[in-house]
Every structure is written in structure tokens, then in C-alpha cells.
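Enquirer: no sequence on this one, just coordinates:
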């Protein structure tokens, strides 16, 4: 394994989580659905713990958690772009559309988070020593949360779109009510939603 690349992944992941806090703060200004509001408030709290966990991993690996890299700067810009999209939609004045844009931006951000944590888990498997134990402990704590963040937010986004389009929407979505944490579970929940329409 290449240490410099692991460091880059850790720093990008930390930046993604820091940006995720801001994305949730911004998205919560657009939420209409009370179930989604509760969900995102919980995800915001969990995201803050993810920042703490990644900071601890960096410190354990003697990586400055504030270190700037070109990749980290790009991740930060992507987060700003997502927040700007949410703010622009909110400023346009259509609350339902702003909620949809916020949901889509959360799904985009959570897709990157999900990938990062999957890769961090692979890194932990190939490392040794206290850094490996710290990273693996963070992975074990957070991976399941990231699965929920992605699959549940994606389900909410789909059903909010169905509602917006004037079709039968299932809110909260099956991903939420069935506590989906896998891609297979998400596919089954989407199929269940289709069958219930």
C-alpha cells in the first residue's frame, strides 16, 4: 500500500465529512417533510462524530488533519458547489423544489462519503499496528451509518420526486422503515415501493 495515497484518502475523507456538516446545515433550511428533517438532523450529528473519528485517525498516523492537498481543495469546492445549489434553489422561492435539490445534493455528498469509507475499510485491512486498529475501529463504527445515510437519503429523494410529480409517494420510504443498510436491501426497498404504488 502507498502511504502517501492513504494520507490523501484520509484527508479527502475528512474534508468530505467537514463539508457534509455544512451541506446538512444548508439542506435542513429547505426541508418540508418532518421525517426527513429528523433523519437529516441525526445524520448531521453522526457526521460530526465522523469528523472527530477521522481527525483521531490522522493524528494516530502522524498526519496533520489541517494539511492542504490539491485533492482536498477540490473536495472542498465540490461541497461549496452543493451548498450553493441548495441556496440558489431556496432563493428561487419554490419550497418543494428546494427540498428536492437539497435531497439530491445530500445524495451526491453521501455517495462520496460511502465510497470513502469503503476504501478506508480496505486500507485498514492492509495496515498493521495502532493506526490500523484506530482506522478499523472508526470504520466499524461509521460504515453502517454511511450505508444508512446513502440508501435512506436516496429513498427519500426518489419518493419526494414521486410526490412532486403528482404520483403516489411512500413517505417515509421503505429504506427508512426497514432500516436498509445494503445495496441489495436498497434495491428490494425500491421494488417494494414500486409494488405499493
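Expert: Alright, I've got the coordinates. Model, not experiment: these values are computed from the prediction.
Enquirer: what's stretch 108-121 in contact with?
Expert: 9-10, 12-13, 16-17, 19-20, 23, 50, 75, 78-79, 82, 135-136, 138-139, 142-143, 146-147, 149-150, 153-154 (C-beta atoms under 8 Å, 6 or more residues apart in numbering). C-beta coordinates here come from the backbone N, C-alpha and C atoms, glycine included.
Enquirer: List buried members of those by neighbour count.
Expert: When those are checked for burial by 16 or more other C-beta atoms under 10 Å, the buried set is 9-10, 12-13, 16-17, 19-20, 23, 50, 75, 78-79, 82, 135-136, 138-139, 142, 146-147, 149-150, 153-154.
Enquirer: distance of the residue nearest the centre of the chain from residue 156?
Expert: The structure's the chain has its C-alpha centroid closest to residue 110; by C-alpha atoms, centre = their mean the separation is 2.5 Å. Distance from residue 110 to residue 156, counting by C-beta to C-beta, to the nearest Å: 11 Å.
Enquirer: Could you do residue 197 as well?
Expert: Distance from residue 197 to residue 156, counting by C-beta to C-beta: 16 Å.
Enquirer: okay, the two: which has more neighbours?
Expert: Taking other C-beta atoms under 10 Å, residue 197 and residue 156 do not tie; residue 156 has more neighbours (26 against 9).
Enquirer: out of the buried ones among the contacts of stretch 108-121, which are inside helices?
Expert: 9-10, 12-13, 16-17, 19-20, 23, 50, 75, 78-79, 82, 135-136, 138-139, 142, 146-147, 149-150, 153-154 (DSSP state H).
Enquirer: any chance you could map the strands in the protein?
Expert: Applying DSSP state E to the chain gives no strands.
Enquirer: shaky segments in it?
Expert: Applying pLDDT under 70 to the chain picks out no residues at all.
Enquirer: Leaving out the residues flanking it, which one is nearest to residue 132?
Expert: Leaving out its chain neighbours, the residue that sits closest to residue 132 by C-beta to C-beta, 6 or more residues apart in numbering is residue 124, at 5.6 Å.
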